[in-house]
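Test case, fold it:
(one chain, ligands or ions: 1)
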Amino acid sequence: MSIHTPDIKRITTHTIQEMKTRGEKISCLTAYDFSMAGIVDAAGVELILVGDSASNVMAGHETTLPITIDQMIYHATSVVRAVKRALVVVDLPFGSYQGNSREALNTAIRIMKESGAHAVKLEGGLEIKDSVTRILSAGVPVMGHLGLTPQSIYKFGTYTVRARQEAEAQKLIEDARMLEEVGCFSVVLEKIPSSLTKQVSETITIPTIGIGAGPHADGQILVVHDLLGINKAFKPRFLRRYADLNGVMTDAISNYIKDVKGNSFPNEQESY
Ligand code: KIV
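Next comes the predicted model:
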């Protein structure tokens, strides 16, 4: 697909769908900048999400609410520049699509045009059906996001597991069906009981991507900084840390400081 890297076969929404059909799990991670996106892509994930979690991870905000469309485009543009294979999906930030479907379409078009990303993600079910439908009608692939939707944190009050009660679980199933019917290519299920993820994944034919949603989703996603152990404070039960980069980086920086202060850096070979 790319004229620059003709030997690399790009992942598309169809690839993701085919993976579900043949029962192959889909690996997804977030990325927000060029350097990390290059590593994540080269390692081989199928989908990279430029999540609005950039608001927490990159900017240090307590919630995802403050991040703006321009900031999402900045992150997405940096990621797209690095990625040669994965499908790049970008979150529509809080307040940029809930007002009306025209506003939602304008946001999606800006993000697609200015960043070069391949799809967008929106949080919510029936309440945002018109926005999702309108974006899809412009030819932009849409990923849904149900369960714990962090843009609604002030409505929920906590980050605890969602849809434990029957009524909320039923609504989630109906929302997932609706997202499939209108044409979404996939849906994120965040922090819901494992049994509900199983039910949804068996009910709809589009891939489900879980985070804190158990092993039955068609794929999994994590925030890459959490997986790498960069942020030590965040320790939810669902998170598996694959590295302690916080420790590795702290040691490296401490050694650098020691060498500078002891006048052993730079040495002769490192000088001109
Ligand atoms: O913003 C984000 O990183 C997300 C994932 C956690 C699914 O929405």
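
For the stretch 151-272 of the chain, which segments are assigned as strands?
186-190, 208-211, 219-222 (DSSP state E, counting those that start in this stretch).

Can I get the ones you listed in CSV including distance to the ligand and mean pLDDT?
The C-beta positions use only the backbone N, C-alpha and C, and glycine is treated the same way. Output for these, formatted as CSV (distance: least, Cβ to the nearest ligand atom, whole Å; pLDDT from 0 to 100):
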stretch, distance to the ligand, mean pLDDT
strand 186-190, 5, 98
strand 208-211, 5, 98
strand 219-222, 5, 98
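
ok, now which ones touch Ile73?
Ile73 is in contact with 110-111, 114-115, counting by Cβ atoms under 8 Å, 6 or more residues apart in numbering.

Including distance to Ile67, could the strands of the stretch 151-272 of the chain go into TSV?
Shown next, in TSV, are the strands of the stretch 151-272 of the chain (distance: least, Cβ to Cβ, whole Å):
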stretch	distance to Ile67
strand 186-190	17
strand 208-211	18
strand 219-222	18
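
In TSV: the ones you listed, plus mean neighbour count.
TSV is the format used below for the strands of the stretch 151-272 of the chain (neighbours: other Cβ atoms under 10 Å):
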stretch	mean neighbour count
strand 186-190	27
strand 208-211	26
strand 219-222	22
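
looking at those strands, which is closest to Lys84?
strand 219-222 (19.9 Å; Cβ to Cβ).

For the ligand, what's the nearest residue on the chain?
In the chain, the residue found nearest to the ligand is Gly51; the distance is 2.4 Å by Cβ to the nearest ligand atom.

Quick check: that residue touching Val223?
Yes - between Gly51 and Val223 there is a contact under Cβ atoms under 8 Å: 6.9 Å.

Compare those two and say which one has the larger neighbour count.
Between Gly51 and Val223, counting by other Cβ atoms under 10 Å, Gly51 is the more crowded of the two (28 against 22).

Please name the nearest non-neighbouring residue to that one.
Among residues not flanking Gly51 along the chain, Thr30 sits closest, at 4.5 Å (Cβ to Cβ, 6 or more residues apart in numbering).

Spit out the contact partners of the one you found.
By Cβ under 8 Å, 6+ apart, the neighbours of Thr30 are 48-51, 53-54, 57, 221-225.

Flag every residue of the stretch 51-200 of the chain that's near the ligand.
Residues of the stretch 51-200 of the chain lying close to the ligand (Cβ under 6 Å from any ligand atom) are 51-53, 91, 188, 190.

If we use 5 Å, what do you get?
Residues of the stretch 51-200 of the chain that fall close to the ligand, judged by Cβ under 5 Å from any ligand atom: 51-53, 188.

show me the contacts for the closest residue to Ala138 other than its chain neighbours.
Nearest residue to Ala138, sequence neighbours excluded (Cβ to Cβ, 6+ apart): Leu105, at 5.9 Å. Residues in contact with Leu105 (Cβ under 8 Å, 6+ apart) are 131, 134-135, 138.

again, only using 7 Å
Leu105 is in contact with 134-135, 138, counting by Cβ atoms under 7 Å, 6 or more residues apart in numbering.

List buried residues within those.
134-135 (16 or more other Cβ atoms under 10 Å).

Next step: the contacts of Leu105 restricted to helices.
134-135 (DSSP state H).

among the strands of the stretch 151-272 of the chain, which is nearest Ala82?
strand 219-222 (18.3 Å).

Quick one: list the elements packing against that closest one.
For strand 219-222, the helices and strands in contact under the criterion 3 or more Cβ pairs under 7 Å, 6 or more residues apart in numbering; DSSP states H and E are strand 26-30, strand 208-211.

list the buried ones in the longest one?
If I follow you right, that is strand 26-30. When neighbours are counted by 16+ other Cβ under 10 Å, the buried residues of strand 26-30 are found to be 26-30.

May I ask which two of the residues you listed are separated the most?
Top of the distance list for these (Cβ to Cβ): Ile26 and Thr30, 14.4 Å.

quick one: low-confidence ranges for the stretch 101-250 of the chain?
Residues of the stretch 101-250 of the chain meeting the criterion pLDDT under 70: none.

Show me where it has its helices.
101-115, 129-137, 153-156, 166-182, 194-203, 224-227, 245-261 (DSSP state H, counting those that start in this stretch).
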